[in-house]
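**Student:** structure, please.
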Amino acid sequence: MPLVHGQGPVRPDGTSTLTADAKPTELQGVEVTERLGQTIDLDLEFTGEDGYPHALRDYFGKGKPVLLNLVYYTCPMLCNLVLNAQMAALRDLSWTPGNEFEIVTISIDPTENFGLARSKKAAYLASYDRPAPGWHFFADYKENVQKLAAQIGFGYHLDQRTGQYAHPAAIFVLTPEGKISRYLYGIKFKPFNLRLALNEAAEGKVGNTVDKILLLCFHYDPVEKSYVVMARNLMRIGGFATMLVLGIVLWVLWRRERRAGFNKAQVTA
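**Tutor:** You can find the predicted model right below:
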């Protein structure tokens, strides 16, 4: 199970040391159930920073993958850690929200309003080193976040005693059509993993040759929750590169020999 806010000890990889039976009652169901390949309801509406409801469809279907966050803005710890980790990874990417991909961040707390969403957006964009017109912050609207969370497989629970939400630490990568492509877990995201996940979700519509080669060399390991080297394809690409370099060297030597022979013929004449 991924790391969750309010749980007991965790392993270095961010997974819980508690078994399902050992989890406290308030943490039952607080987990991620992966629904890879399923499509979310793009007609669900959420309250934007402008105070008006907007459908998810407005941020999909542009040929760009979408990075989705389910958090709550007054979270005292884990949400900030997840968003900070995402920001750290984003700073190391050449891609920018609004250009190559979109980010949709939605509060799971129905009591949080669009003013909080707007303030949270301002705080994070102020710490980003470039404009990010494609990062959108929302408040809940008509309890639609519960429907979206169920579709994503994001389980969370309100602790009535503390007024805080227990929830997993995870972000979600979706295709431009709203299909769930990848889950990334923890409070630290490797820029490399994030970039490959976005490329994978884009289904080849965004990216360059280097990205396609990387996707050939690496595949997602559901056990490791990370991209790992795919040795066979890496060897194939390495062999192709070797043949290409060898061909170039032979061509240069042939051109040099031909030029030398031509010059020698001119001198003899």
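**Student:** among the helices and strands of the chain, which has the poorest mean pLDDT?
**Tutor:** Every helix and strand of the chain was ranked by mean pLDDT, DSSP states H and E. The lowest is helix 209-217, at a mean of 36.
**Student:** in stretch 138-151, which residues are buried?
**Tutor:** Residues of stretch 138-151 classed as buried: 138-141, 144-145, 148-149, 151 (neighbour count, 16 or more other CB atoms under 10 Å). (C-beta placed from N, C-alpha, C; glycine too.)
**Student:** most widely separated two among those residues?
**Tutor:** Using CB to CB, the buried residues of stretch 138-151 reach their maximum pairwise distance at 139 and 151, which is 18.6 Å.
**Student:** didn't residue 134 look like it was pressed against residue 104?
**Tutor:** No: Residue 134 lies out of contact with residue 104 (CB atoms under 8 Å); the separation is 9.3 Å.
**Student:** when the two are compared, which one has more neighbours?
**Tutor:** Set residue 134 next to residue 104 and count neighbours by other CB atoms under 10 Å: residue 104 wins out with 24 against 20.
**Student:** spell out the secondary structure type for the more buried one.
**Tutor:** strand (DSSP: H, G, I helix; E, B strand; the rest coil).
**Student:** just to revisit the earlier point, closest to residue 93 among the buried residues of stretch 138-151?
**Tutor:** For the buried residues of stretch 138-151, the nearest to residue 93 is residue 138 (22.6 Å; CB to CB).
**Student:** touching, the closest one and residue 107? I think so.
**Tutor:** Yes: contact criterion CB under 8 Å: residue 138 and residue 107 qualify, at 6.9 Å.
**Student:** for the two, list the residues in contact with both.
**Tutor:** Common neighbours of residue 138 and residue 107 are listed as residue 117 (criterion: CB atoms under 8 Å, 6 or more residues apart in numbering).
**Student:** burial count for residue 101?
**Tutor:** 26.
**Student:** just checking, it touches residue 62?
**Tutor:** No: using CB under 8 Å, residue 101 is not in contact with residue 62, being 9.5 Å away.
**Student:** now the stretch 151-269 of the chain, which segments are flagged as low pLDDT?
**Tutor:** Along the stretch 151-269 of the chain, segments meeting pLDDT under 70 span 203-247, 249-269.
**Student:** can you list the buried residues in stretch 65-81?
**Tutor:** Those would be 65-73, 75, 78-79, 81, for stretch 65-81 by 16+ other CB under 10 Å.
**Student:** now tabulate those in a markdown table and tack on distance to residue 36, secondary structure and pLDDT.
**Tutor:** Below are those laid out as a markdown table (distance: CB to CB, whole Å; DSSP: H, G, I helix; E, B strand; the rest coil; pLDDT from 0 to 100):
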| residue | distance to residue 36 | secondary structure | pLDDT |
| --- | --- | --- | --- |
| 65 | 14 | coil | 95 |
| 66 | 15 | strand | 97 |
| 67 | 16 | strand | 97 |
| 68 | 14 | strand | 97 |
| 69 | 18 | strand | 95 |
| 70 | 17 | strand | 96 |
| 71 | 21 | strand | 94 |
| 72 | 25 | coil | 90 |
| 73 | 28 | coil | 93 |
| 75 | 26 | coil | 87 |
| 78 | 23 | helix | 85 |
| 79 | 24 | helix | 87 |
| 81 | 25 | helix | 87 |
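**Student:** what's the closest of those to residue 122?
**Tutor:** The closest of the buried residues of stretch 65-81 to residue 122 turns out to be residue 73 (CB to CB; 11.6 Å).
**Student:** appreciated, that's everything.
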